[in-house]
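Peer 1: Structure for this input, please:
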Amino acid sequence: MGRCLKIAALVAGGIVFALLVASGVFFATLSLWGDGPRAEQALLKGNYVAAFDGYDRALASRLLPRNSRVQFLVGRGTAQLGLNHPDQALADYNAALALDPTARRALHMRGIVLMKQQNCAKAISDFSAILERAPNDYWALLRRAQCRESILDVDGAIADFGALTRLMPNMDVAYLRVAYNYARKHDDAKAIAALDGWPMTQAYDAEAYVNRGSGYDTVGAYAKAIAEYDNALRIQPGDASAYRERGMAWITAGNYPSAIADLDKSAALDSSDASAYYNRGFAKILAGRYREAISDFTHTLELNPTDAYAVIWLHLAQRHTGNDDSADLARYSDRLDRGEWPMPVVEYFRSKIDAATLRTAAEQEKVPSRRQEKSCEAEYYISALDVAEGKTATALPLIHRAADMCPPGFVELIAARADLKRLGE
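Peer 2: Got it, this is the predicted structure:
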């Protein structure tokens, strides 16, 4: 009798086992201590090779439940992304979404890959699909906002960054980007209002004042910017970054002596900060103190030898003084990445390419916002070299064009406006 009961129990157990296998539940249960969870742990630790191998083994089972297969496909895709295989990652995310079109993690990761591939139109679709079901998904909202900004969907970017300010009231970057995009629309009043609405809940945080000050400076509200830097310096009198940023605000205001005084203090407080010398050189160029600017840009390049913009401004300062710096320009340019912007500007200065080729190089940028920025820079630096070489009549229409197209806060916009003022336009 006992033996019969044992046999019956074994038979019943076998039936249950068969049912579990058929349904995939057994394999899902095994996966709790199998390849899938081990792959998840490897992924969290950044061990992408081990993660990929683990997911690959787990996915080999034909009896894997659909939800586990979706999870492991997304995991393997993320491991592929970590191994710098974006196309394979995209294939895994597509496979996961073919099984479950609402899989949030798959949508998010596919959107990230599409962003990296400069396909923001499709990425926005994925982030929007997430937000339809989860309107307060912070990361989806942030990345959709970034995508919208990059394709110059200014109103969409304002809406998304504005939603982020309501979702996370202390998120500095959201207020800055709302203001920036209003400034892109030339709606300075709303840009300033966005920054005014930034709640300064950390009254003793100097960095917060510096950040809001940079926002005001970007939209041209230099008086408000200077007041914010003053607040930062009352809290932290030795803050080199506050002096540096206030110096930039004085440049925007056209007060070059005050700018240079602040940048002197910034450089004295942090002599390793190349940007303090760069900004001071910029202020001195706008003030017509070209020989002093040469010293500052040279020092910038001693601290940061691959700063292409310092190479550009150093050459302009040299040309204003009538110096032939062709040997130095060649030596500095040899340190730069030839495949990266603004190398075409340097090549133009060296007479390696003409103005039309420089403009074409800018226009070949795929991302609309970056294309606008590069075109702004190309136009301004063509005009700046003309001015430095005394070709003012040729330069004037180009300066006007740069002033019209350059985005808010760009050094080239500040310089173009200063040039127009100095030339009586």
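Peer 1: check contacts around the residue nearest to residue 50 when sequence neighbours are not counted.
Peer 2: Nearest-residue entry for residue 50: residue 42, 3.9 Å, with adjacent residues in sequence omitted and distances by Cβ to Cβ, 6 or more residues apart in numbering. Where C-beta positions appear, they are placed from N, C-alpha and C, glycine not excepted. Residue 42 is in contact with 48, 50-51, 54, 79, counting by Cβ atoms under 8 Å, 6 or more residues apart in numbering.
Peer 1: buried set for the helix or strand harbouring residue 42?
Peer 2: Taking DSSP states H and E as the criterion, the element that holds residue 42 is helix 35-44. If you call a residue buried by 16 or more other Cβ atoms under 10 Å, then helix 35-44 has these buried ones: 35-36, 38-40, 42-43.
Peer 1: And stretch 389-401, by the same measure?
Peer 2: Within stretch 389-401, the residues that count as buried by 16+ other Cβ under 10 Å are 395-396, 398-401.
Peer 1: Helix or strand next in line after the strand or helix carrying residue 315, which one?
Peer 2: In the assignment (DSSP H and E), residue 315 maps to helix 308-320. Later in the chain than helix 308-320, the nearest helix or strand by DSSP H and E is helix 326-333.
Peer 1: Now that next one - C-alpha only, PDB.
Peer 2: Written as PDB, here are the backbone C-alpha positions of helix 326-333 (Å, rounded to 0.1, in the frame of the first residue of the first chain):
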ATOM      1  CA  SER A 326      51.400  80.800 -39.900                       C
ATOM      2  CA  ALA A 327      54.100  78.500 -38.300                       C
ATOM      3  CA  ASP A 328      52.400  78.700 -34.900                       C
ATOM      4  CA  LEU A 329      49.000  78.100 -36.400                       C
ATOM      5  CA  ALA A 330      50.300  75.000 -38.200                       C
ATOM      6  CA  ARG A 331      51.900  73.700 -35.000                       C
ATOM      7  CA  TYR A 332      48.800  74.200 -32.900                       C
ATOM      8  CA  SER A 333      46.500  72.700 -35.500                       C
END
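Peer 1: re earlier: just put the buried residues of helix 35-44 in TSV and tack on distance to residue 220 and pLDDT.
Peer 2: Formatted as TSV, these follow (distance: Cβ to Cβ, whole Å; pLDDT from 0 to 100):
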residue	distance to residue 220	pLDDT
35	57	85
36	54	84
38	55	92
39	52	92
40	49	91
42	50	93
43	46	94
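Peer 1: Show me which of the residues you listed is closest to residue 216.
Peer 2: Using Cβ to Cβ, the shortest approach to residue 216 within the buried residues of helix 35-44 belongs to residue 43, at 42.1 Å.
Peer 1: got a list of what the closest residue to the closest one other than its chain neighbours touches?
Peer 2: Sequence neighbours aside, residue 51 is the residue nearest to residue 43 in space, at 4.0 Å (criterion: Cβ to Cβ, 6+ apart). With contact set as Cβ under 8 Å, 6+ apart, residue 51 has these partners: 39-40, 42-43, 75-76, 78-79, 82.
Peer 1: Break the chain down into its domains, please.
Peer 2: The record, using automatic domain parsing to delimit domains, assigns the chain the ranges 10-117, 337-425.
Peer 1: and the contacts of residue 51, which two are the farthest apart?
Peer 2: Between any two of the contacts of residue 51, the greatest separation by Cβ to Cβ is 13.2 Å, found for 40 and 82.
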